[in-house]
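sequence unknown, structure follows:
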């Protein structure tokens, strides 16, 4: 019997790749979304955002007849599983907005019927899965609950969903079995945890990555302060030295997950997460550190600055929580003019790469897009990633093994 699934938020970065994979694996999937433009794009077989391999996989899934998409919530009640990609939002103080989550889930529950499984996929505040199950029981609703956190790297979902282990958690054995059966369709290994541990596992994973970036960014700032070359040091200490295999390179730690989840973990622990809070100060402060160092070398007042890459990471079209926008704001206060360019993001205020390079006095690399890989930049270059800088004739030679 074919498994039927409705994905709420089905045209987003979490829901759409998963829906494509499940449909191509044999499930019947309905993508429910309130964004009519995205729905229309998906219906026509066009991806609304960049995802490797999805331009081919989406039409294939639609052609099977097992993938459909719409704004009508009616089919939700007919599915065995309602998979929700709504996470716990945070407020302006980076505290979780649990009541906003409750209201969103209540609207979904009002459309569900007895016997369905409500499966949470996005990050939730620790304890919310068990709390949600208790609320459902108190209302006398015969609905099961499971939490299976999404852990893919944005843009690589179709490659990672069938290979990365899927964490399965639920308050009851029945719900666990149903969730496991769904994700077994992907062919990936399954890992079982109690709900509170699964929720913490997601926050631990993202916080760990955020802390790693902060360590490297702090080291980068120290090297900058003393006119040392961070990447010469990096090359030296990582060369054939396995104990530093996890040493991250420096760079902007933006995006919609890492900072948010680190702060959720802090909030869960009653704001007693000193490492996470220090990491936020370092990572969020990196644009300012780069500008202040640059000001020691030149007067920016009459300069035009160009920012190459406004997405939160390379080869991505997602600008959410990108530190490039913080960089732009700070440079606007310092420079005569700031130009922005990005091959993946459509914005009428952006200029072409050619114009940005032609007019700029100083260039910042803010996202490691492949289009920038082989650029030769003759202006002053600020490249915290060392993505383009290593190609410049003016760059200091790197250490070589002897």
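Sure, I can see it. Only a predicted model underlies this, so the values are computations on that prediction, with no experimental measurement involved.

contact partners of the host helix or strand of residue 119?
If you go by DSSP states H and E, residue 119 is part of strand 117-120. Applying C-beta atoms under 8 Å, 6 or more residues apart in numbering, the contact partners of strand 117-120 are 80-84, 105, 108-109, 112, 128-129, 132, 136, 143-148, 175, 178-179, 182. Bear in mind the C-beta positions are built from the backbone N, C-alpha and C, glycine included.

Please give the centre-to-centre distance between that strand and its chain.
Put simply, strand 117-120 sits 22 Å off its chain's centre (C-alpha atoms, centre = their mean, to the nearest Å).

Out of the contacts of strand 117-120, which end up buried?
80-84, 105, 108-109, 112, 128-129, 132, 136, 143-148, 175, 178-179, 182 (16 or more other C-beta atoms under 10 Å).

Just the ones of those residues in helices?
105, 108, 109, 128, 129, 132, 136, 175, 178, 179, 182 (DSSP state H).

pretty sure residue 263 is touching residue 90, no?
Yes: the pair residue 263 / residue 90 is scored as a contact, 6.5 Å apart, by C-beta atoms under 8 Å.

quick one: which of those two has more around it?
residue 263 (23 against 18; other C-beta atoms under 10 Å).

Report the contact partners of the more buried one.
So residue 263 contacts 90, 94, 95, 276, 280 (C-beta under 8 Å, 6+ apart).

separation between it and residue 327?
Per C-beta to C-beta, to the nearest Å, residue 263 is found 21 Å from residue 327.

again with residue 259
Counting by C-beta to C-beta - residue 259 and residue 327 are separated by 15 Å.

about what we covered before: ok, of the ones in helices among the buried ones among the contacts of strand 117-120, which one's closest to residue 285?
residue 128 (30.9 Å; C-beta to C-beta).

Tell me how far the closest one lies from residue 203.
For residue 128 relative to residue 203 (C-beta to C-beta), the value is 12 Å.

ditto for residue 267
Distance from residue 267 to residue 203, by C-beta to C-beta: 10 Å.

and what of residue 48?
Distance from residue 48 to residue 203, by C-beta to C-beta: 28 Å.

Skipping adjacent residues, who's closest to residue 207 in space?
In space, and not counting its chain neighbours, residue 207 is closest to residue 262: 4.5 Å by C-beta to C-beta, 6 or more residues apart in numbering.
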